[in-house]
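Asks: Show me how the following folds:
(2 chains)
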2 protein chains.
Amino acid sequence: MAVKRPRIAVDAMGGDHAPGEIVTGALRAQAELEADILLVGDPARLQPLLSLHQHRMTLVPAQEVIDMGEEPLTALRRKPDASITVAMNLVRDGQADAVYSAGHTGAAMAAALLQLGRLPGIDRPAIGVSLPTLLPDKSVLLLDVGANVDCRPKFLNQFALMGSIYSQCVLGIASPKVGLLNIGEEASKGNDVSVRAYQLLSQNPQIEFVGNAEGRDVISGAYDVVVCDGFVGNILLKFAEGFGRVIVQLLRDELPRGWRGQVGVPLLRGNLRRVKQRLDDAEHGGALLLGVMGVCVIGHGSSHAPSVFNAIRLATEAVEQGVVQRLQEKVGALTRRDGR
Amino acid sequence: MAVKRPRIAVDAMGGDHAPGEIVTGALRAQAELEADILLVGDPARLQPLLSLHQHRMTLVPAQEVIDMGEEPLTALRRKPDASITVAMNLVRDGQADAVYSAGHTGAAMAAALLQLGRLPGIDRPAIGVSLPTLLPDKSVLLLDVGANVDCRPKFLNQFALMGSIYSQCVLGIASPKVGLLNIGEEASKGNDVSVRAYQLLSQNPQIEFVGNAEGRDVISGAYDVVVCDGFVGNILLKFAEGFGRVIVQLLRDELPRGWRGQVGVPLLRGNLRRVKQRLDDAEHGGALLLGVMGVCVIGHGSSHAPSVFNAIRLATEAVEQGVVQRLQEKVGALTRRDGR
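Replies: Residues are numbered from 1 along each chain as shown, chains lettered A, B, ... in the order given. Below you'll find the predicted structure:
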């Protein structure tokens, strides 16, 4: 029996560089990945971009777009034909297996909750991103990075389980090491929420909780999953972005100095490009919205084609590995045990 | 009239590399700064380190040391002759103008509160650190980075005032721009505490509040002061440390590749050293404990002599600029207006 190719609904209208960069990334995904792309958006704007290429993508019309400044729920109500809603409905109706959008994150989350619904047993979906670590080829999944700004301890426990299942399914890590983002190693350290979350995590038999992770440990490579409140996670993720820019600037300032710099920098151009590439890769192509009844990948608003491609690949892998089904199976057990 | 030289009580026993590195940094401070050093610690361990040098430092004996694992208040009670307590008492009794310690941060804070007391009008002292920004020669003061893990909105408002006064006094910035660390620009963004803090900050006439600062903006150079809960601040500060290490590793991995790398790296050695230096500088030498009745500079536990020197210089400047007196004058007005 032939395995069905994942069908990815791509919101072609969301993001700072939509639809151009989204279409370019989607074209590459269609060509290189074992997936079928459903491009959702305004045909009048998409057709001219597609006409130059041979492609097998399906165009699904959606006449409206939700802008970055809009209040999500109001916007979704007022624009029933918004590209993000149309894309989510494709998944809800079984015509697609996953959604990718680089548009308004709040709107994508709200549309996912409205059209797909929450995973039974999960109080709040979380956004997870993969960050590179000090160890080559080893990443860490940080969640939540912005879906929930005031978390209760049991939410963090649910994030830990979702993160673990994701790491097992998609990354093939047998027993993912889970850390709780905190300000010290001891169980008693941290704010009220983190002290109580520590207790829940350390009693959760479905995960391998290895203790508190301090800020400097997040990307040390010692953890596969680090859980935190979406307020802290979002600040941390964006700080990493800003820090990356400072580093690139620092290298541009300091390296070309003097005659040695003038001679040395051209020699190192290729290697420096690779450094910049690895820093750029650190700016995640896509984040997973975990805890809804479907695969949703949320892209950075500023995504260019390479990020779009990476994000669609992430969505494809999540579908292939059956992340949502695995989450459904395992999450029930947690809820039945932990009523808090 | 001769201006009195600041007298800095240095806890020689605190820190991972105490007393050796502390003494080395203090010797340099005594030689290069317009300050007098009172070296506090065990004479049996300090004398051998000093005997090799000509110096004018005063040695103040203290027989006990608080170890990193100890619970601060219990330890302070059980060890009345701890170096950090003796150092604080020198300030309390008018024999010194400032304290520097790279030892147990919690113990230093507790000792400052017990021996010096809180600044009237300040509910909670905060720890502030200077971070470099994308703009050359421009730094940003981030506070709190760990003194308070569950902040009320009025604490953040007090941090903003203290940070502003500090920036005016020590950095000579006429009207420091204050940002609130948050996950979006709008006043309505963030968690419960940050939404309420935004209101207080925007109504505070003693500061120039310019709005929410997202993670990526902290080190953009757009802010002179960024205020946050000590939980978030501590995680951010330590994350920056970890990130710096990842960058250095990345450069070590990528730059020497290929024959061009082998030729180019030796040429760039000096410039690369400067890059590393600027990254190391980013690891603050010392943080200020603002909101107690005296100047207290808290060093990183892993401080080596250059950090010790920088931290003592910071303490000296804070004394010279009368930071504590300025805080005393200005903080009263805030408290009378804002009862929350």
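
Asks: Run through the helices of the stretch 151-300 of chain A in chain order.
Replies: With DSSP state H, counting those that start in this stretch as the criterion, the stretch 151-300 of chain A has helices at A:153-171, A:192-202, A:230-254, A:258-282.

Asks: What does the pLDDT read for the closest residue to A:G242 other than its chain neighbours?
Replies: Closest residue to A:G242 apart from its sequence neighbours, by C-beta to C-beta, 6 or more residues apart in numbering or on different chains: B:R216 at 3.6 Å. Bear in mind the C-beta positions are built from the backbone N, C-alpha and C, glycine included. Per-residue confidence (pLDDT) for B:R216: 91.

Asks: give the contact list for B:R216.
Replies: Taking C-beta atoms under 8 Å, 6 or more residues apart in numbering or on different chains, we find B:R216 in contact with A:238-239, A:241-242, A:245.

Asks: again, only using 7 Å
Replies: A:238-239, A:241-242 (C-beta atoms under 7 Å, 6 or more residues apart in numbering or on different chains).

Asks: likewise A:I173?
Replies: For A:I173, counting by C-beta under 7 Å, 6+ apart, the contacting residues are A:167, A:224.

Asks: The nearest residue to A:I183 once chain neighbours are set aside - how many residues pack around it?
Replies: Distances taken as C-beta to C-beta, 6+ apart place B:N234 nearest to A:I183, at 4.4 Å, with adjacent residues excluded. For B:N234, the count of nearby residues is 26 (other C-beta atoms under 10 Å in any protein chain shown).

Asks: next one: A:Q321
Replies: Using other C-beta under 10 Å, A:Q321 has 17 other residues around it.

Asks: What pLDDT is listed against the closest residue to it other than its chain neighbours?
Replies: The shortest distance from A:Q321 to any non-neighbouring residue, by C-beta to C-beta, 6+ apart, is to A:C169 (4.2 Å). pLDDT for A:C169: 87.

Asks: Chain B versus A:C169, what's the distance?
Replies: 26 Å (C-beta to the nearest C-beta, to the nearest Å).

Asks: so that residue touches A:V323, yeah?
Replies: Yes - in this structure, A:C169 is within contact of A:V323 by C-beta atoms under 7 Å, at 5.0 Å.

Asks: quick one: which of these two has more around it?
Replies: Applying other C-beta under 10 Å to A:C169 and A:V323 shows that A:V323 carries more neighbours, namely 23 against 19.

Asks: what residues are up against the more buried one?
Replies: Shown in contact with A:V323 (C-beta under 7 Å, 6+ apart): A:166, A:169-170, A:295.

Asks: Do you know the pLDDT at the residue sitting furthest away from the middle of chain A?
Replies: Here chain A reaches farthest from its C-alpha mean at A:W259, the gap being 43.8 Å by C-alpha atoms, centre = their mean. Confidence at A:W259, expressed as pLDDT, is 92.

Asks: same question, the one 10 residues further on
Replies: Note on A:R269: pLDDT of 88.

Asks: and the gap between it and B:G258?
Replies: A:R269 is 11 Å from B:G258, where distance means C-beta to C-beta, to the nearest Å.

Asks: can you check A:P266 too?
Replies: The gap separating A:P266 from B:G258 is 13 Å, by C-beta to C-beta.

Asks: With A:R118 instead?
Replies: For A:R118 relative to B:G258 (C-beta to C-beta), the value is 51 Å.

Asks: Ok, A:I165 next?
Replies: 41 Å.

Asks: A:P61 now?
Replies: Plainly put, A:P61 is 50 Å away from B:G258 if you go by C-beta to C-beta.

Asks: try A:P6
Replies: According to C-beta to C-beta, A:P6 and B:G258 sit 38 Å apart.

Asks: More neighbours: these two, which one.
Replies: Neighbours were counted for A:P6 and for B:G258 using other C-beta under 10 Å; A:P6 has more, 21 against 13.

Asks: Can you check the pLDDT for the spatially closest residue to that one that is not a sequence neighbour?
Replies: Nearest in space to A:P6, with sequence neighbours left out and distances taken as C-beta to C-beta, 6+ apart, is A:V319 at 3.8 Å. Per-residue pLDDT puts A:V319 at 95.

Asks: Pretty sure A:A35 sits against A:R5.
Replies: Yes - the criterion here is C-beta under 7 Å, and A:A35 meets it with A:R5 at 5.7 Å.

Asks: which of these two has more neighbours?
Replies: A:A35 (20 against 14).

Asks: So for that one, what's the pLDDT?
Replies: Looking at A:A35, its pLDDT reads 95.

Asks: and it, what is it in contact with?
Replies: A:5-6, A:8, A:29, A:316.
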